[in-house]
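[1] can you look at this prediction? I've put the sequence above it.
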Amino acid sequence: MQANTLALFAGIGVLLALASLIGFVLKWRCRGADSPVIDNLNARINAWWVMVAMLGGAFWLGHGAVILLFFAVSFFALREFITLTPTRGSDYPALVAAFYFVLPAQYLLIAYDWYGLFSIFIPVYVFLLLPILASLGGDTTAFLERTAKVQWGTMIAVFCISHVPALLNLDIPEYAGRNLLLIAWLVLVVQLSDVLQYVCGKLLGKRRIAPRLSPSKTVEGFAGGIALATLTGAALYWITPFDVWQAALIALVVTLLGFFGGLVMSAIKRDRGVKDWGHMIEGHGGMLDRLDSVCFAAPVFFHLLRWGWA
Amino acid sequence: MNDPQIPPPGEDLPAASVPCSRPSRAQRLLAWPITGFARLLTGARSLWRGCAPEPKQRIYFANHSSHADFVLLWSSLPPALRARTRPVAGADYWQQGRLRPFLIHRVFHGVLVDRELHDRHSNPLQPLLDALAGGDSLILFPEGTRNPGEGLLPFKSGLYRLARACPQVELVPVWIANLNRVMPKGRVLPLPLLCTVTFGAPLTLGPGERKETFLARARETLLNLAMEAD
């Protein structure tokens, strides 16, 4: 691993240790009284340790491991999405294709660095394939709706998330061999924005920003979280191919996309009458609850880099 | 339904417990990859809403929409309970070929019932009563067959007759959600969707409660559990 990567992970480790300490003190001050908010905070911090360790481990093992990690992430996200969006018996062939063909194929395209097909495989070919498969069963009930659900699931959980490991394939002049840091920067800025929105919202939050979509999001949390995450992104310009101002601007773009991604995915959850996508990450909910913001930020970040720097 | 004459409570129990061969250690090892696969595939979440996973003698009665139902329910139990819990399965299906009898007897330690009543003089529930008399718990699908649609089919009378014969056994409703999407009827390749197995509060047969009333109540309880679990 590079010295920069090590320094970055050491920094994250210090931040998490600080968070764990704060969580411990808060819990200790309760003196045994029940506090769901603090318990949830500590569960979230512990889950962060695990997530950072897994990403760090994949970084240490190399590009193949990072692609495999995000393949697994896409799998868990897709399974949460399809579990929550009801389909009918005739969708079985389309779902088999989504899980056993589309998902591995998209990640193989990254592993083989076939950009041309990677970028249109799901939006064009899978878009046409899924309704064909769904039509074979002869069931017309809510046909468009069902097709849209499966397509949307593969777009969000496979196509969008796959843009994170695809960053490894970008050829950026004078940045060769450092592409892992692009992933680290993107994930750090977007996730930090989520965390800071949560923290600012809990400390200062008064006016709710989208009460019907996401009751816990506030104007204060939004402004504070986006501003602080943008500043952090700018301060970390030295691990990116950007200068300070470029880093700030791009951090602003990805955090805003992350925020709206969270809103969109919340709208789907509310419509289905659930609070979380799943239960696999203690304190956070499901994989998609943690990655909703990354889903929306990753493709735009990827293309900004490709057009402007690669 | 034409039930045979129902004896008064307690009289169905055989006098002495029937010896039955427990699966050996090697056979338990065989069950491990199957339960492991079921849990991995479905992310098996067990929600113990109405009771705890305690070593009490129970009849777990559940909705039936997939061949894999009992495997998932069985896998959702802690290993200690699993060892003493036997799925009730249709003899007509499980006695075919070589693999199915081996799996149901040797791996799952199931209890087979003769759904087609080949011998009209014997009590089709006798193997279940024997298993209960031996101290085992049972997994039972009171709909009697797989339900391809939503909700629940009417319950068969077996649950009532077991409740009457063994009043000390807890009747635990269990709702298995989403498994019909994982393994739709007639499909071979399972889909890796998330399933939940929700355990409700135990039921008891009221004194003098009629068969129809009890079966309707048990069915209603299971449907309510499904609404809660959703």
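    Received the coordinates, thanks.

[2] tell me the SS of the residue of chain A found nearest chain B?
    At 4.3 Å from chain B, A:Thr83 is the closest residue in chain A, using Cβ to the nearest Cβ. (C-beta placed from N, C-alpha, C; glycine too.) Using DSSP: H, G, I helix; E, B strand; the rest coil, the structure places A:Thr83 in helix.

[3] that one against B:Leu194, yeah?
    Yes: the criterion here is Cβ atoms under 8 Å, and A:Thr83 meets it with B:Leu194 at 4.3 Å.

[4] who touches both of those two?
    Residues touching both A:Thr83 and B:Leu194 (Cβ atoms under 8 Å, 6 or more residues apart in numbering or on different chains): A:278, B:178.

[5] give me the neighbour count for the residue of chain A closest to chain B.
    Number of residues near A:Thr83 (other Cβ atoms under 10 Å in any protein chain shown) recorded here: 24.

[6] equivalent analysis for A:Trp307, please.
    Counted with other Cβ under 10 Å, the neighbours of A:Trp307 add up to 8.

[7] in a helix, it, correct?
    Yes: counting by three-state DSSP, A:Trp307 is part of a helix.

[8] now do the contacts for the residue of chain A closest to chain B.
    A:Thr83 is in contact with A:278, B:178, B:193-194, counting by Cβ under 8 Å, 6+ apart.

[9] got the residues of chain B near chain A?
    For chain B, the residues in contact with chain A (Cβ under 8 Å from any Cβ of the partner chain) are B:43, B:45, B:178, B:181, B:184, B:187, B:189, B:191-194.

[10] drop anything exposed from those residues.
    B:43, B:45, B:178, B:181, B:184, B:191-194 (16 or more other Cβ atoms under 10 Å in any protein chain shown).

[11] show me those residues that map onto helices.
    Within those, residues falling in helices by DSSP state H are B:Arg181.

[12] and the buried ones among the residues of chain B next to chain A as CSV, adding distance to A:Ala134 and pLDDT?
    Below are these laid out as CSV (distance: Cβ to Cβ, whole Å; pLDDT from 0 to 100):
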residue, distance to A:Ala134, pLDDT
B:Gly43, 25, 87
B:Arg45, 28, 87
B:Asn178, 19, 88
B:Arg181, 15, 89
B:Pro184, 14, 82
B:Leu191, 14, 93
B:Pro192, 19, 94
B:Leu193, 17, 93
B:Leu194, 21, 92
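
[13] the buried ones among the residues of chain B next to chain A: which two are farthest apart?
    Pairwise distances across those peak at 20.6 Å for B:Arg45 and B:Pro184 (criterion: Cβ to Cβ).

[14] in chain B, where is pLDDT below threshold?
    Applying pLDDT under 70 to chain B flags residues B:1-24, B:118-120, B:229-230.

[15] looking at it, what residue ends up closest to chain A?
    Residue nearest to chain A within chain B: B:Leu194 (4.3 Å; Cβ to the nearest Cβ).

[16] what's the spacing between that residue and B:Leu223?
    Distance of B:Leu194 to B:Leu223, given as Cβ to Cβ, to the nearest Å: 21 Å.

[17] how about A:Ala65?
    Distance, A:Ala65 to B:Leu223, by Cβ to Cβ: 47 Å.

[18] now swap in B:Gly97 and tell me
    B:Gly97 is 35 Å from B:Leu223, where distance means Cβ to Cβ.

[19] neighbour count for these two, which is higher?
    Per other Cβ under 10 Å, whichever of B:Gly97 and B:Leu223 has more neighbours is B:Leu223, with 15 against 8.

[20] B:Ala89 - that's part of a helix, no?
    No: counting by three-state DSSP, one finds B:Ala89 to be strand, located in no helix.

[21] kindly report the residues of the stretch 201-310 of chain A close to chain B.
    So the stretch 201-310 of chain A meets chain B at A:278-280 (Cβ under 8 Å from any Cβ).

[22] just the stretch 1-150 of chain A next, same as before
    A:75, A:79-80, A:82-83, A:87, A:89, A:92, A:95-96, A:99-100.

[23] of those residues, which pair is most distant in space?
    Across these, no pair lies farther apart than A:Phe75 and A:Gly89, at 22.8 Å, counting by Cβ to Cβ.

[24] where does the record place the domain boundaries for chain A?
    Annotated domains of chain A cover A:1-61, A:64-169, A:172-310 [automatic domain parsing].

[25] could I get those as JSON lines with mean pLDDT and distance to B:Leu171?
    Listed next are the domains of chain A as JSON lines, based on pLDDT from 0 to 100; distance: least, Cβ to Cβ, whole Å:
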{"stretch": "domain A:1-61", "mean pLDDT": "88", "distance to B:Leu171": "34"}
{"stretch": "domain A:64-169", "mean pLDDT": "95", "distance to B:Leu171": "29"}
{"stretch": "domain A:172-310", "mean pLDDT": "92", "distance to B:Leu171": "28"}
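
[26] in chain B, which spans are strands?
    B:45-48, B:58-62, B:85-90, B:111-113, B:137-140, B:170-177, B:196-199 (DSSP state E).

[27] which of the ones you listed sits most buried?
    Comparing the strands of chain B by mean neighbour count (mean count of other Cβ atoms under 10 Å in any protein chain shown), strand B:58-62 comes out on top with a mean of 25.

[28] and that strand, C-alpha only, in PDB?
    What follows is strand B:58-62 as a C-alpha-only set of coordinates in PDB (Å, rounded to 0.1, in the frame of the first residue of the first chain):
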ATOM      1  CA  ARG B  58     -43.800 -27.800  20.600                       C
ATOM      2  CA  ILE B  59     -45.600 -28.200  17.400                       C
ATOM      3  CA  TYR B  60     -44.500 -25.400  15.000                       C
ATOM      4  CA  PHE B  61     -47.300 -24.900  12.500                       C
ATOM      5  CA  ALA B  62     -46.500 -22.800   9.500                       C
END
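
[29] need the contact partners of the host helix or strand of A:Arg146.
    Using DSSP states H and E, A:Arg146 falls within helix A:143-153. If you take Cβ under 8 Å, 6+ apart as the criterion, helix A:143-153 is touched by A:78, A:81-82, A:85, A:87-88, A:90-91, A:94-95, A:98, A:126-127, A:130-131, A:134-135.

[30] ok, now stretch B:203-217?
    The set of residues external to stretch B:203-217 that reach it, using Cβ under 8 Å, 6+ apart, is B:3, B:6, B:142, B:154-155, B:157, B:159-160, B:163-164, B:167, B:170-173, B:218, B:221.

[31] mind checking which of those are buried?
    The neighbour-count test (16+ other Cβ under 10 Å) marks B:142, B:155, B:157, B:159-160, B:163-164, B:170-173, B:218, B:221 as buried among the contacts of stretch B:203-217.
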